[in-house]
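S.K.: Predicted structure and sequence below. I'll ask about it afterward.
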Amino acid sequence: MKLSILKGIIAVMIIAAALPLKAQDENKFTEMLDSKDFFFVDPLVFYPYDSAVARLDLYVEIPLENLSFRRNTTTDNYDAVIEWVLLIKNAGGDVFLNQTFPEKITNTKTEQKSVAERSVSSLKNFYIHPGKYKITFTLRDKISNVEKSKDYDIEVKNPLYEKTLFSSIMLLSRYKVSESGEKEIEPLISGNVGMLDNFYMFWEARNRTEDTINRSYKISFATDKGEKIFDTTAAYTLKPGMNTLVTNINNDKYYIGTYVLSVYDGNDVIQSRTFTYRWSDIPANIRDLDKAISQMVYIATGEELDYIKAGKTKEERLKRFIKFWKQKDPTPGTPKNELLNIYYSRVKTATDRYSHFVEGWKTDMGMVYIIYGTPSTIDRHPFDADSKPYEIWTYYDEHRQFVFIDDSGFGDYRLVTPIYDDRTRIRY
């Protein structure tokens with residue numbers, strides 16, 4: 001899909017007003033930028049029917065951009081060599097499981113070019129007895145010698161004592177039932193709902209009675225500090241045997257941070273889990289929110305830009321910034337916003353290449369580069385005896401040509417014919 005800044009990509013994801021934040025919390029933008037994880041693990045406990053033990057499903061996701069790849073001269077592919085270690089201890093500190101899993105990840109030349117957009121996922125199952133456990137997951141990059149670890153606490157209930165037993169809650173980014181009744185799910189291993197307009201909670205209920213149970217459960221959402229966001233209810237019908245429970249959650253009441261989802265049966269919490277709201281795809285060169293907003297001059301209308309800038313607090317401006325770019329996302333619901341990445345990548349390149357008296361993104365050359373990208377051809381004339389220095393940029397696909405002249409002789413190239421479009425006129 002070809003992305004064009006001026007051709008306007010219409011997205012369907014619209015984010016509503018987010019959770020109000022306290023005025024003193026001024027670090028959310030930096031937190032959002034610096035919250036990238038080396039890997040993600042989601043340990044989930046399920047209870048097979050008529051079994052005295054539980055099943056631990058360990059979902060692992062590794063962003064490939066975090067790994068070191070080495071070119072294989074024999075195959076001409078690129079290989080990453082990793083191993084992950086799973087250590088499980090019971091409440092008394094005794095080792096229940098200590099196992100190492102070596103893996104090699106291979107990319108072709110073409111795949112290696114898009115390594116920043118891809119990740120690998122895996123699932124391993126282990127049967128585990130009732131009790132409380134601490135899981136330590138360690139990932140080792142054997143090429144770079146980088147090693148990262150995370151700890152998780154789980155509790156396995158005794159299946160023999162419980163007539164009705166609920167599994168862990170799995171978060172899904174997609175849930176679909178085909179015409180044949182086959183279920184298609186996409187686990188959200190990272191637990192980050194920030195790029196989604198809705199997500200699903202998926203879990204199982206094991207009913208070992210002979211009766212069908214019809215009951216409503218309260219689903220409560222709160223911050224990790226205990227501040228309640230909202231409550232809702234879900235009515236479930238639990239037939240004898242195994243029951244799959246799926247609830248669609250609208251993602252319109254959260255903002256940057258960590259949240260706790262809890263399910264209540266009366267006053268008792270029967271299951272809970274945490275999730276996060278992060279906008280993880282912001283380019284690394286965006287460090288100053290207000291400058292990033294000003295740099296939107298070539299894609300936002302005057303009214304849109306004024307509205308974003310008019311936010312009275314940094315948090316309010318950030319909310320409006322996120323909303324604008326989510327509406328422009330050509331692939332809503334995916335971890336990447338391609339248009340945002342392209343735009344701010346061009347802003348960085350323009351700043352690096354064309355800065356002199358002012359920052360490069362404010363110059364005429366920077367403006368044209370940000371809007372149209374790299375020219376098809378550049379005809380440079382820096383030392384012609386009978387004229388001032390000038391350049392001609394041609395964009396064949398756009399059927400456009402731009403002429404820049406350096407009247408001052410100090411590299412300050414100006415457009416001969418300015419662009420008078422409302423979205424592209426310079427406002428600085």
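M.R.: Structure received.
S.K.: can you give me the helices for the stretch 201-350 of the chain?
M.R.: Counting by DSSP state H, counting those that start in this stretch, the stretch 201-350 of the chain has helices at residues 289-294, 302-309, 314-328, 338-354.
S.K.: and the ones you listed, which one's lowest on average pLDDT?
M.R.: For these, mean pLDDT drops lowest on helix 314-328, to a mean of 85.
S.K.: now the angle from that one to helix 338-354?
M.R.: 110 degrees (axes from the mean of the first three to the mean of the last three Cα atoms, to 10 degrees).
S.K.: Now do helix 314-328: distance to the chain's middle.
M.R.: Relative to its chain's centre, helix 314-328 lies at 15 Å (Cα atoms, centre = their mean, to the nearest Å).
S.K.: just so I know, which of the helices of the stretch 201-350 of the chain lies nearest Ile256?
M.R.: helix 314-328 (7.8 Å; Cβ to Cβ). C-beta coordinates here come from the backbone N, C-alpha and C atoms, glycine included.
S.K.: From the contact counts, what lies against the closest one?
M.R.: helix 28-33, helix 289-294, helix 302-309, helix 338-354 (3 or more Cβ pairs under 8 Å, 6 or more residues apart in numbering; DSSP states H and E).
S.K.: still on that earlier bit, who wins for proximity to Asp153 among the helices of the stretch 201-350 of the chain?
M.R.: Ranking the helices of the stretch 201-350 of the chain by proximity to Asp153 (Cβ to Cβ) places helix 314-328 first, at 31.9 Å.
S.K.: So, low pLDDT: which residues of the chain?
M.R.: 1-35, 255, 279-285, 333-335, 420-428 (pLDDT under 70).
S.K.: let's go with 50 and repeat that
M.R.: For the chain, the stretches with pLDDT under 50 are 1-26, 422-428.
S.K.: Quick one: the helices in the stretch 1-150 of the chain, in order.
M.R.: For the stretch 1-150 of the chain, the helices defined by DSSP H, counting those that start in this stretch occupy 28-33, 109-113.
S.K.: Now do the buried residues in stretch 155-172.
M.R.: For stretch 155-172, a neighbour-count test (16 or more other Cβ atoms under 10 Å) marks 156, 159, 165-172 as buried.
S.K.: So which of the residues you listed are in strands?
M.R.: Those of the buried residues of stretch 155-172 mapping onto strands are 156, 165-166, 170-172, per DSSP state E.
S.K.: Adding distance to Tyr277, write those out as CSV.
M.R.: Shown next, in CSV, are these (distance: Cβ to Cβ, whole Å):
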residue, distance to Tyr277
Val156, 29
Leu165, 30
Phe166, 25
Met170, 18
Leu171, 12
Leu172, 16
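S.K.: Remind me which helix or strand Met365 belongs to.
M.R.: helix 364-372 (DSSP states H and E).
S.K.: what packs against that helix?
M.R.: helix 338-354, strand 390-395, strand 400-406, strand 413-415.
S.K.: With just CA atoms, put it into CSV.
M.R.: What follows is helix 364-372 as a C-alpha-only set of coordinates in CSV (Å, rounded to 0.1, in the frame of the first residue of the first chain):
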residue,chain,number,x,y,z
ASP,A,364,11.1,25.2,1.9
MET,A,365,13.2,22.2,1.0
GLY,A,366,12.2,20.5,4.3
MET,A,367,8.6,21.3,3.6
VAL,A,368,8.6,19.7,0.2
TYR,A,369,10.6,16.7,1.4
ILE,A,370,8.2,16.1,4.3
ILE,A,371,5.1,16.3,2.0
TYR,A,372,6.4,14.4,-1.0
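S.K.: List the contacts of it.
M.R.: Outside helix 364-372, the residues within contact range by Cβ atoms under 8 Å, 6 or more residues apart in numbering are 5-6, 298, 343, 346-347, 349-351, 353-354, 359-361, 391, 393, 395, 398, 400, 402, 404, 413-415, 418-419, 424, 426.
S.K.: ok, Phe324 touching Glu303?
M.R.: No. Under the criterion of Cβ atoms under 8 Å, Phe324 is not in contact with Glu303, lying 11.5 Å apart.
S.K.: Tell me which of these two has more neighbours.
M.R.: More crowded of Phe324 and Glu303, by other Cβ atoms under 10 Å: Phe324, with 19 against 9.
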